[in-house]
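Trainee: Next input, structure requested:
(one chain, ligands or ions: 1)
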Amino acid sequence: MNVIEVDDVSKTYGDVQALDGLSLAVERGTTLGVFGTNGAGKTTLFKLLAGLNRPDRGSVSVAGADPTDGTTVRERVRYLPEHAGFPPSLTGREILRFHARMRSVPREDRSHHVERILHTVGLADAADRRVGGYSNGMNRRLGLGTALVGEPAVLILDEPTAGLDPDGIQAFHEVVESLAAETDVTIVFSSHALGEIQRLCSEAVIIADGQVATAGPVGQLRRAAADEVTVSLSLASDAAASGAATDLGDHGAVSSVSRSGADVTARTTPTEAYDILTAVGEAYDIDRFEVREPGLEAAFHEAVGTDAAGDSGSDSTPAEAASEKPGGEPA
Ligand SMILES: Nc1ncnc2c1ncn2[C@@H]1O[C@H](COP(=O)(O)OP(=O)(O)OP(=O)(O)O)[C@@H](O)[C@H]1O
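Mentor: Alright, predicted model coming up:
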């Protein structure tokens, strides 16, 4: 059953067309990753899903109703904006209790409900500390905790890990993973980090210019873009690497090769990668090797028409290199 249905939705701000005929369907229990270039329309979409805005054209249905229809729907749909602030003098527990009261969680259930959420978001030990002393990551998890009060059907998280350090990101990921595994909440999650969408999400949608450029199961999007893999090798010496790079350059199934010191990188098809490694291994001592499949990054670049050849120094695909690059290139 679809818990979210967005049909041919458009939204303009003045003369900016933020969404332009966007359609999307999300099944209940899905963890959906939303990504796109800056200004693609992600936040605009999220505000429509949360009932904070109305489309100029088209329809939006979340949890079976128009999200602007009133509080019953908004009870079931929670939006965590990129920056949520809390009164610094209150404790995490007090804030969650306040939200539980506001969300009409019955008085006798409140303590248990709040305790459970504190555990879910990993703040049980810090529950009685003032949030003014919380780290950025703890604040973000408290924000997620407030969104979980009253067991919503849909969680909409706008770049929830932006600006967090690796430990903060890891802690947040663990919370999302346990929610996805243990509840049937539908999570819609935007991020500029494709790796995290790959890790957390079952489905992904790529938005470009206010429309859906590509959507589908994450694995399917990756496979669709997987016509080439990158083989990275570290050899025993620069001389060996130079020889291996020359041999690889002569190999018919290798589309590009680059070398930096004792490291060599080649692009080839998934089926040829291991034969090529074997051939190099017979001629030279390989210290380390890695075969990387293109991730969602390749699907993203294919969808928005930018150059996916992000490996520095590689001499790949001159046709793509000459094509238009409307921003959003890999770092
Ligand atoms: N309130 C507003 N007034 C005017 N223009 C707006 C407003 N909100 C969004 N826009 C414009 O609409 C377009 C889509 O913005 P939106 O914030 O939805 O993109 P986004 O994909 O979330 O971007 P980012 O990844 O940078 O957060 C942008 O051109 C933006 O400048």
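Trainee: Geometric centre of this protein: which residue is closest?
Mentor: Centroid-nearest residue in the chain, with C-alpha atoms, centre = their mean: residue 197, separated by 2.9 Å.
Trainee: Helix, strand, or coil at that one?
Mentor: On the three-state scheme (DSSP: H, G, I helix; E, B strand; the rest coil), residue 197 is labelled helix.
Trainee: Against residue 160, how distant is it?
Mentor: Note on residue 197: its distance to residue 160, by C-beta to C-beta, to the nearest Å, is 12 Å. For every residue, glycine as well, the C-beta is placed using N, CA and C.
Trainee: Next, show the common contact partners of those two.
Mentor: Common contact partners of residue 197 and residue 160 (C-beta atoms under 8 Å, 6 or more residues apart in numbering): 189, 191.
Trainee: what about the helices in the chain?
Mentor: 42-49, 71-76, 92-102, 107-120, 136-148, 166-182, 194-200, 218-224, 238-250, 273-283, 296-304, 318-321 (DSSP state H).
Trainee: Could you export those helices as a markdown table, including distance to the ligand and mean pLDDT?
Mentor: Formatted as a markdown table, the helices of the chain follow (distance: least, C-beta to the nearest ligand atom, whole Å; pLDDT from 0 to 100):
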| stretch | distance to the ligand | mean pLDDT |
| --- | --- | --- |
| helix 42-49 | 3 | 93 |
| helix 71-76 | 20 | 71 |
| helix 92-102 | 25 | 94 |
| helix 107-120 | 27 | 92 |
| helix 136-148 | 16 | 89 |
| helix 166-182 | 18 | 85 |
| helix 194-200 | 13 | 84 |
| helix 218-224 | 19 | 76 |
| helix 238-250 | 38 | 94 |
| helix 273-283 | 34 | 87 |
| helix 296-304 | 12 | 73 |
| helix 318-321 | 24 | 26 |
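Trainee: what's the domain layout of the protein?
Mentor: Annotated domains of the chain cover 2-223, 226-295 [the TED database].
Trainee: Next one: residue 263 from residue 274, what distance?
Mentor: Taken as C-beta to C-beta, the span from residue 263 to residue 274 is 19 Å.
Trainee: and the residue nearest to residue 47 when sequence neighbours are not counted, what does it touch?
Mentor: If the residues on either side of it in the chain are set aside, residue 47 comes closest to residue 53, at 4.3 Å by C-beta to C-beta, 6 or more residues apart in numbering. Neighbouring residues of residue 53 by C-beta under 8 Å, 6+ apart: 11, 44, 47.
Trainee: Repeat that for residue 244.
Mentor: Contacts of residue 244 by C-beta under 8 Å, 6+ apart are 233, 235, 264, 280, 283-284.
Trainee: and the gap between the nearest residue to the residue nearest to the centre of the chain once chain neighbours are set aside and residue 138?
Mentor: Spatial nearest neighbour of residue 197, excluding adjacent residues (C-beta to C-beta, 6+ apart): residue 33 at 3.2 Å. To residue 138, residue 33 is 24 Å away according to C-beta to C-beta.
Trainee: Compare these two (neighbour count), which wins?
Mentor: Counted by other C-beta atoms under 10 Å, residue 33 and residue 138 do not tie: residue 33 has more neighbours, with 26 against 19.
Trainee: wait, what's in contact with the more buried one?
Mentor: Residue 33 touches 189-191, 196-198, 200-201, 203-205, 218, counting by C-beta under 8 Å, 6+ apart.
Trainee: Ignoring the adjacent residues along the chain, who's closest to residue 296?
Mentor: Using C-beta to C-beta, 6+ apart and skipping residues adjacent in sequence, the residue nearest residue 296 is residue 194, 4.4 Å away.
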